[in-house]
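J.: Pasted the sequence and its predicted model underneath.
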Amino acid sequence: MNIKPDLKFVKQIISAGGCSLKKCYQCATCAVVCKLSPDNKPFPRKEMINAQWGLKDKLVSDPDIWLCHQCSDCTAYCPRGAKPGEVIGAIRKLTIAHYAFPEFLAMMVGQIKYLPLLIAFPVLVLLAVLAATGHLNIPQGEIVFGHFLPHTHIDAIFLPVAIFAALVFASGVIRFWRDLQTQCSGNCGQGGLIPSLISVIIEILTHSRFNKCEVNKGRSLAHMGVLYGFIGLAITTALAVFYLYILGQHSPYPQLSPLKIIGNISGIILLVGISLIVLNRFKVKVQASIGSYFDWLFIGVIYLVVLSGLLAEVTRLAGIALLAYPIYFIHLVSVFFLFFYAPYSKLAHMVYRTIALVYAKQKERE
Amino acid sequence: MSKDILIIGGGISGITTAVEAAETGYNVTLIEKNPYLGGRVAQMNRYFPKLCPPYCGLEINIRRIKTNPRIKYFTLSSVEGIKGQEGNYEVTLRIQPRFVSQRCTACGECARVCPAERRDAFNLDLSSTKAIYLPHSLAVPYNYVIDEKACLKCGTCVDACKYGAIELEMQAETKNINVGSIVVATGWQPYDATRIDNLGFGKYKDVITNMMMERIAAPNGPTQGKILRPSDMSEPKKVAFVQCAGSRDENHLPYCSAVCCLASLKQITYLREAIPDSQAFMFYIDVRTPGKYEDFLTKVSGDEKVFLIKGKVAAVEEDTKTKELIVEAEDILAGKKIKVQVDMVVLACGMQPNNGLSMNINRDKNGFISLEQGNGIYAAGVAKKPQDVASSVQNATGTALKAIQSIVR
């Protein structure tokens, strides 16, 4: 076997949050204390040595980095402070960047110095649309967000954004799935694709894997809050489309309409979930670490989306037009940001983890 | 100015320093906090790699101490205070009462009648003794001693002693000495295995430490040298030796104690010799047997019932039904997690330097005494760094010379 060390990739892992990686001396404590690691070819010990050698091809197509939920059991018990959980997290980040297209966008999402530029893009697009349609002012009278930016314009902006994200994801997923197939040599399970997918979806909805974490127990519940918050908001969006295009009803809807109830509850669940995530990060920072910029950017965007959404609603109901419209504008910018950069940000874990879990399920890597 | 030397610690390093300095012609005071000389070595069953009993070495040194008028030694003693500088130290020693005088013939009549018991620290709490006890069967001095904390002061032993050796009124005394240089040979204690929460020590009776294994294998130990596991006193057929238990670990002792790999290999020979159909599983990160010790590794690992597995044990659990112990590790060379059912687990715990010394002394971050103090105070043996007996003895000889240089300069 001919191994070519890739120093550049080692440095990338280090700067992506895996700075402790060289401390590993391969004792394999991590692989044993990890409740999620399979018995055959367990992780994360092998990932640590692959990372030390910078074996990028092996790592980006390694399904095991997605079997890890960063419980931090490994990091807590690591005798060297090599923090395998953090290193694997950094490898996940680089994997997302590797499969994203164009790669320079992923590079920009990963570095704080590009943040103003990333924010400027949706701000300018939305301002341009507002200016072009003569809406660059605070509308008078009853607060109706549709008066500020009509739904047709919203659709004209956000539909292409969503399609863009979906296409980028599709190209990544195709390559990722192809690379995954090279991983298994010899005796691997051959489960069906659909049954595997179904059982993975059940696993995700119940967080049955995530619940096995020991050191970082609270993480699973917090993550569930975020997941169900987003699911609820997706349902809300679907309902809004239904109200608008099927029933022909325009917003604002009465507070007690199913759409508003589901939307508000989901928003609050999301807010609670993301806040628990932040609290947990501070609580376990002794064993693990507080997380990288990549993590905090995602947390920040979720906060911005949910807070601006809820505040826009509150200020609208309170009749404070001067606040309601600007906050609504911020909400639109943050949602644009969330969707457009999804394939390059931590949100992409949703897609790659699911794919990797399906593969692992097929190959019986439990 | 004084040309005498104080040696703190009566283990193999302190004894060696004392003997070497005294035989060169200097007066030496050797103090030891235990009621016997010999320290940790006295607890060992055998030395590696020759597998001879430690008393081979200790006995000759004790004889050199006893026959050399230049050496004074005090057991149950510690340093209470130090004043002065290199060449002229005023040291206050505190000598705890033994409650038994040298009239004691170690006939044992007192212990037969004593109603109180104490855990026997010499046997790592694997057994108990009476409150009046002989520290161990080869103790020097060969006198009984009373454990003040356990003693009921009932006086039964006083009546039983035919030699009038027991003095319950004996008081602690202080003693001032003037020395020119000081050698600290305070040695070590085993790392507290209860702090390693994933290896089951303190939770499962048959998870023991390497020091306990020494006592279990020793002819004067709690099982008279029969290798029996603590839970049911049966012969363990499968024993796991867990290397680096709390060593080379930032959460515990961050350093390598330098002896545990060889100690485990040595203990594997105890097991294999005593129980011919036994199997030994040694889990390691790296086997560290430097220099000529490599031959010992080759010899022990050549036994077909000895299995060396690369991968640190990170979990020891008990089967809830069968009560069998299960050790879990990743067999790195096979790339598989393995669970091995065993009858007993021996944790290879490292050495932690003793630090209850009431004097200012420079230590490194792990508590070992730094090489140069620059004031006529020197360290020898494991107080300086983790090392085996042979290295400690060489080191102690060198330290004797340093202590002498300090007073003749």
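T.: Sure thing, it's come through. Everything numeric in this text was worked out from a predicted model, so none of it was measured.
J.: Would you mind splitting the chain into its domains for me?
T.: The chain I'm using is chain A. Using automatic domain parsing, the domain ranges for chain A come out as A:7-99, A:111-362.
J.: I was thinking of chain B, sorry if that wasn't clear
T.: Following automatic domain parsing, chain B resolves into domains at B:5-95+B:172-187+B:354-408, B:97-170, B:191-349.
J.: what's the distance between the residue of chain A most remote from its centre and chain B?
T.: Distance from the C-alpha centroid of chain A, by Cα atoms, centre = their mean, peaks at residue A:141 (38.9 Å). Residue A:141 sits 65 Å away from chain B, going by Cβ to the nearest Cβ, to the nearest Å. Yep, even glycine has a C-beta here, placed from its N, CA and C like the rest.
J.: In a strand, that residue, correct?
T.: No: Residue A:141 sits outside any strand when classified using DSSP: H, G, I helix; E, B strand; the rest coil, being coil.
J.: and it, what is it in contact with?
T.: residue A:147 (Cβ atoms under 8 Å, 6 or more residues apart in numbering or on different chains).
J.: Residue B:170 is nearest to which of the domains of chain A?
T.: Taking Cβ to Cβ, domain A:7-99 is the member of the domains of chain A nearest to residue B:170, at 47.5 Å.
J.: tell me how far the ends of that closest one are from each other?
T.: Domain A:7-99 has an end-to-end distance of 20 Å (criterion: Cα to Cα, to the nearest Å).
J.: now stretch B:298-317, how far from the centre of its chain.
T.: Distance of stretch B:298-317 from the chain centroid (Cα atoms, centre = their mean, to the nearest Å) equals 25 Å.
J.: Tell me which residues of it come out buried.
T.: B:300-301, B:305-317 (16 or more other Cβ atoms under 10 Å in any protein chain shown).
J.: Out of those, flag the one nearest to residue A:75.
T.: Distances from residue A:75 to these, taken by Cβ to Cβ, are shortest for residue B:314, at 13.1 Å.
J.: Not counting sequence-adjacent ones, nearest residue to that closest one?
T.: Leaving out its chain neighbours, the residue that sits closest to residue B:314 by Cβ to Cβ, 6 or more residues apart in numbering or on different chains is residue A:32, at 3.5 Å.
J.: State the helix or strand in which that neighbour lies.
T.: Here residue A:32 sits within helix A:29-33, counting by DSSP states H and E.
J.: Centre of the chain to that helix, how far?
T.: 26 Å.
J.: After it, heading C-terminal, what element do we hit next?
T.: Following helix A:29-33 in sequence, per DSSP H and E, is helix A:45-53.
J.: For residue B:77, find the nearest of the domains of chain A.
T.: Using Cβ to Cβ, those put domain A:7-99 closest to residue B:77, at 37.8 Å.
J.: Return the helix or strand in the chain with minimum mean pLDDT.
T.: Unless you meant another one, I'm taking chain A. Lowest mean confidence among the helices and strands of chain A (mean pLDDT, DSSP states H and E): helix A:145-148, at a mean of 88.
J.: think we crossed wires, I meant chain B
T.: For chain B, judged by mean pLDDT, DSSP H and E, that is helix B:55-67, with a mean of 92.
J.: In contact with the residue in the stretch 101-250 of chain A positioned nearest to chain B: list those residues for me.
T.: Closest residue of the stretch 101-250 of chain A to chain B, Cβ to the nearest Cβ: residue A:214 (10.4 Å). Neighbour list for residue A:214: A:35, A:71, A:73 [criterion: Cβ under 8 Å, 6+ apart].
J.: Residue A:97 too?
T.: A:103, A:106, A:107, A:110, A:344.
J.: Select only the buried ones of these in PyMOL?
T.: Typed into PyMOL, the next command selects the buried ones out of the contacts of residue A:97 (criterion: 16+ other Cβ under 10 Å):
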select buried, chain A and resi 106+110+344
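J.: you'd agree residue B:339 is in a strand?
T.: Yes: per three-state DSSP, residue B:339 lies within a strand segment.
J.: For residue B:375, give me its contacts.
T.: B:85, B:86.
J.: Give me the phi and psi for the residue lying farthest from the centre of chain B.
T.: In terms of distance from the mean C-alpha position of chain B, residue B:335 ranks first, at 37.4 Å (Cα atoms, centre = their mean). In terms of degrees, to the nearest 10, the main-chain angles of residue B:335 are phi 70, psi 40.
J.: Could you measure from it over to chain A?
T.: 5 Å.
J.: What of residue B:271?
T.: 24 Å.
J.: Over to residue B:326?
T.: For residue B:326 relative to chain A (Cβ to the nearest Cβ), the value is 12 Å.
J.: Buried residues, stretch A:174-184. List them.
T.: A:176, A:179, A:180, A:183, A:184.
J.: could the residues you listed be laid out in CSV, adding pLDDT, distance to residue B:109 and secondary structure?
T.: Formatted as CSV, the buried residues of stretch A:174-184 follow (pLDDT from 0 to 100; distance: Cβ to Cβ, whole Å; DSSP: H, G, I helix; E, B strand; the rest coil):
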residue, pLDDT, distance to residue B:109, secondary structure
A:176, 97, 82, helix
A:179, 95, 82, helix
A:180, 93, 79, helix
A:183, 81, 76, coil
A:184, 74, 76, coil
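J.: Find the pair from these with maximum spatial separation.
T.: Across the buried residues of stretch A:174-184 (Cβ to Cβ), the longest gap, 14.5 Å, separates A:176 and A:184.
J.: Show me which residues of chain B sit near chain A.
T.: Residues of chain B lying close to chain A by Cβ under 8 Å from any Cβ of the partner chain are B:198, B:244, B:248-252, B:285, B:311-315, B:328-330, B:332, B:335-337.
J.: if you look at the residues you listed, which of them are in helices?
T.: Applying DSSP state H to the residues of chain B next to chain A, no entry is found in helices.
J.: Which ones among these lie within strands?
T.: Counting by DSSP state E, the part of those found in strands is B:244, B:315, B:328, B:329, B:330, B:336, B:337.
J.: Can you tell me who the third one pairs with across the strands?
T.: Translated: residue B:328. Beta bridges link residue B:328 to residue B:315, residue B:339 when assigned by DSSP bridges.
J.: What is the burial count for the closest residue to residue B:173 other than its chain neighbours?
T.: Distance criterion Cβ to Cβ, 6+ apart; nearest residue to residue B:173, sequence neighbours excluded, is residue B:95 at 5.1 Å. If you count neighbours by other Cβ atoms under 10 Å in any protein chain shown, residue B:95 ends up with 17.
J.: Quick check: residue B:95 vs residue B:342, distance?
T.: To residue B:342, residue B:95 is 46 Å away according to Cβ to Cβ, to the nearest Å.
J.: Could you report the pLDDT at residue 116?
T.: Let's take chain A. For residue A:116, the model assigns a pLDDT of 97.
J.: looking at chain B here, not the other one
T.: 97.
J.: What is the burial count for it?
T.: 18.
J.: Any chance of the backbone angles for it?
T.: With angles defined as degrees, to the nearest 10, residue B:116 sits at phi -100, psi 150.
J.: SS state for residue A:168?
T.: helix.
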